[in-house]
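J.: sharing a model prediction with you, sequence too.
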Amino acid sequence: MSIALQGVRKAFKGNPVLSIDRLDIPKGAQWIITGASGSGKSTFLNLVSGILTPDAGSIAVAGTDITKLPEAARDRFRAEKIGFVFQTFNLLQGFSALENVLLGMLFADRVDPARAEALLDRVGLKDKRDQNPDALSVGQQQRVAIARALANKPEVLLADEPTGNLDPKTGESIIGLLKEVCGENGTTLLCVTHQPQVMQSFKDVTDLSCLSGK
Amino acid sequence: MSLWKIVLKNIVQRKLSSTLTSASIGLGVAVVVAILALRAQTRERFEQSAFGYELVVGPKQLGALQLVLNTVYHMETSPGNIPWSRYKELAAHKAVSAAIPVSVGDSYGGARVVGTTPAFFDAFTYPIDGRPFRFDPARLEQAMAGKEAEGAFEAVIGYSAAVRTGLHRGDTFQPSHGVDAVGDTHAEKWTVVGILQPTGTPNDRAIFINLDSFYEIKDHRQTSGISAVIVKTKGGSSADRLQYDLNQLPDVMAAAPARVMAEFFSKFDWIPLMFLAVASLVVIMAAVSIFVAIYNSMSERRRAIAIMRALGARRGTVLSIVMMEAAALCAFGAVGGIVLGHAITAVAGAFLSSRSGVPLSALAFQPEELAVAAGVLVLGALAGILPALKAYRTDIADGLSPSS
């Protein structure tokens, strides 16, 4: 299994947000995570990535129970094993496309400019390496974010509404790219979305509302 | 990609704020460095055995400081004369290796004219382009007795004085009475026979003439006194003993220039210390401004910090980045300040040198400057602590939320 959640509970200020008795996601799977507003989609991604810790239960990613790791080790684990793609891209302004990808490598101590350049080539931004994010279209910015997410050859790539800020055509190409590159590397892809056209392009759709009984 | 690159990017992204905060640090450091350099060099130069002057002997009526300033530094006015016979006694004294008479009171083109003997150049081993002037002791005795006698009117010019007056070997000149160049011009003409190579002493600014010619000046004839005697002893404790003995005499006083200048500077040591305190306050205020600038920017950086944390940066890493940024701003300020401080030293040193003849180097590096640089870096890191803790506590999920 790539990801295994068991008895996971998370509440904020006493309000239960997420409750998953058991969820196993095989290695290399490409899943849509969906659910009603407030069903805990973002919380789910934050728990799987180790940004948040559950109130109860265990979360194993690539065979490691990350709930048992101290915070610094979880950060390191996230740097090495998890890739993130956000709705708002979250590229660092003032850093070129290439530098944003290198930044993804820095915190895992795996800075490799040749690989960063190859990743940008792979997402179709060969000529945009030295451009700052504000000089790129939104579609190009999301491609940079995908290259950054893949920087450390992650076991899992988490995409939080990756097409939320894109027009349908660009969104379609981004989803296609995500599926392609994850498929090439055997990376498990979990994509949170509520957009039907995105869901249609995935075979496996998991509704957190159903899982949490909301 | 490295943490330092992130730090530099952050600094460049806030160019104006970064430049201003670094500049304020730099200004404070520059003042500290300039004060340290000028203070250390001034003391060192003025006290360094006063350029080989062991003792100066002059009239008793005025203070030792004026005697030293007049005889060694060619500053102030002559405090009067001592009898020629005292010079003879000193020259014959068993503890004295060299006694050099000097007489002052004239000037040319802003340079003091000093009547002396060739022994002056020998005693201090000053190299001369050309030759020393000739000296005729018999003629001197005659002139002091009021009798006119034929002889040389020759001069050896200090290096800076030659530059200042434009005099070359073979040129002639007529000094004026008095040290401020407003007195009457003497009728006698002197010929330049030599130019001193730079000595790094106040003597670079002076013009030396043969003492016998000094007393051939119509107004000086029949004067049987000289301004001072420069004395070199045979070493050991003889200088102290000789000074003590001379100070028991009713008409002369002896002063050790190095000691006189050390006492002089010790009286005013609080002045540079006060400036140092003010400059240190400027540096501290600048460090506070760095704290304010970085702290105020933390809200806009919250997302960037959250992104880095989401990418796997540890809390300690983002804490380091902010502290490194504060330290880097201080380091830029410190380096710029040290350079600027030496530039100030160059300008102030040139001014002081023109007034005192004591050369001050802008390139002389004081060990304290390293301590200043280290102190500023520590101060910078301290200024970065609170903003860094704010970065340390940044919540990733909150920081990444679209509204943040």
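T.: Structure's in. What do you need? Numbers count the residues shown, from 1 in each chain, chains lettered A, B, ... in the order given.
J.: neighbouring contacts of stretch B:337-353?
T.: The list of residues contacting stretch B:337-353 from outside it, by CB atoms under 8 Å, 6 or more residues apart in numbering or on different chains, reads B:25-34, B:36-38, B:41-42, B:358-364, B:369, B:372-373, B:376. Where C-beta positions appear, they are placed from N, C-alpha and C, glycine not excepted.
J.: among the residues you listed, which lie within helices?
T.: Among the contacts of stretch B:337-353, the members falling in helices are B:25-34, B:36-38, B:41-42, B:369, B:372-373, B:376 (criterion: DSSP state H).
J.: quick check: B:Ala293 vs chain A, distance?
T.: For B:Ala293, the distance to chain A under the criterion CB to the nearest CB, to the nearest Å works out to 17 Å.
J.: just B:Ala262 next, same as before
T.: From B:Ala262 across to chain A, the span is 56 Å (CB to the nearest CB).
J.: what's the neighbour count on that residue?
T.: When neighbours are counted by other CB atoms under 10 Å in any protein chain shown, B:Ala262 registers 14.
J.: quick one, grab the pLDDT at it.
T.: Looking at B:Ala262, its pLDDT stands at 83.
J.: could you pull out the strands in chain A for me?
T.: Ranges of strands in chain A, per DSSP state E, are A:3-12, A:15-25, A:30-34, A:56-61, A:64-65, A:82-85, A:156-160, A:188-192, A:204-207.
J.: the stretch 51-200 of chain B too?
T.: B:55-59, B:82-83, B:96-108, B:111-116, B:128-130, B:154-157, B:172-173, B:176-177, B:190-196 (DSSP state E, counting those that start in this stretch).
J.: and these as TSV, adding mean neighbour count, distance to A:Ala56 and mean pLDDT?
T.: Shown next, in TSV, are the strands of the stretch 51-200 of chain B (neighbours: other CB atoms under 10 Å in any protein chain shown; distance: least, CB to CB, whole Å; pLDDT from 0 to 100):
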stretch	mean neighbour count	distance to A:Ala56	mean pLDDT
strand B:55-59	25	93	92
strand B:82-83	18	103	90
strand B:96-108	22	97	91
strand B:111-116	26	94	93
strand B:128-130	15	95	92
strand B:154-157	28	96	96
strand B:172-173	16	103	94
strand B:176-177	18	102	88
strand B:190-196	21	93	95
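J.: turn those into a markdown table, including distance to chain A.
T.: Compiled in a markdown table, these are given as follows (distance: least, CB to the nearest CB, whole Å):
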| stretch | distance to chain A |
| --- | --- |
| strand B:55-59 | 67 |
| strand B:82-83 | 77 |
| strand B:96-108 | 65 |
| strand B:111-116 | 61 |
| strand B:128-130 | 62 |
| strand B:154-157 | 63 |
| strand B:172-173 | 68 |
| strand B:176-177 | 69 |
| strand B:190-196 | 61 |
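J.: can you redo those as JSON lines with distance to A:Gly83?
T.: Compiled in JSON lines, the strands of the stretch 51-200 of chain B are given as follows (distance: least, CB to CB, whole Å):
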{"stretch": "strand B:55-59", "distance to A:Gly83": "83"}
{"stretch": "strand B:82-83", "distance to A:Gly83": "94"}
{"stretch": "strand B:96-108", "distance to A:Gly83": "84"}
{"stretch": "strand B:111-116", "distance to A:Gly83": "80"}
{"stretch": "strand B:128-130", "distance to A:Gly83": "79"}
{"stretch": "strand B:154-157", "distance to A:Gly83": "81"}
{"stretch": "strand B:172-173", "distance to A:Gly83": "87"}
{"stretch": "strand B:176-177", "distance to A:Gly83": "89"}
{"stretch": "strand B:190-196", "distance to A:Gly83": "78"}
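J.: longest helix in chain A, by residue count?
T.: From DSSP H, the single longest helix across chain A is helix A:168-185.
J.: buried ones in it?
T.: Using 16 or more other CB atoms under 10 Å in any protein chain shown as the burial criterion, the residues of helix A:168-185 that qualify are A:170-171, A:173-175, A:177-178, A:181-182, A:185.
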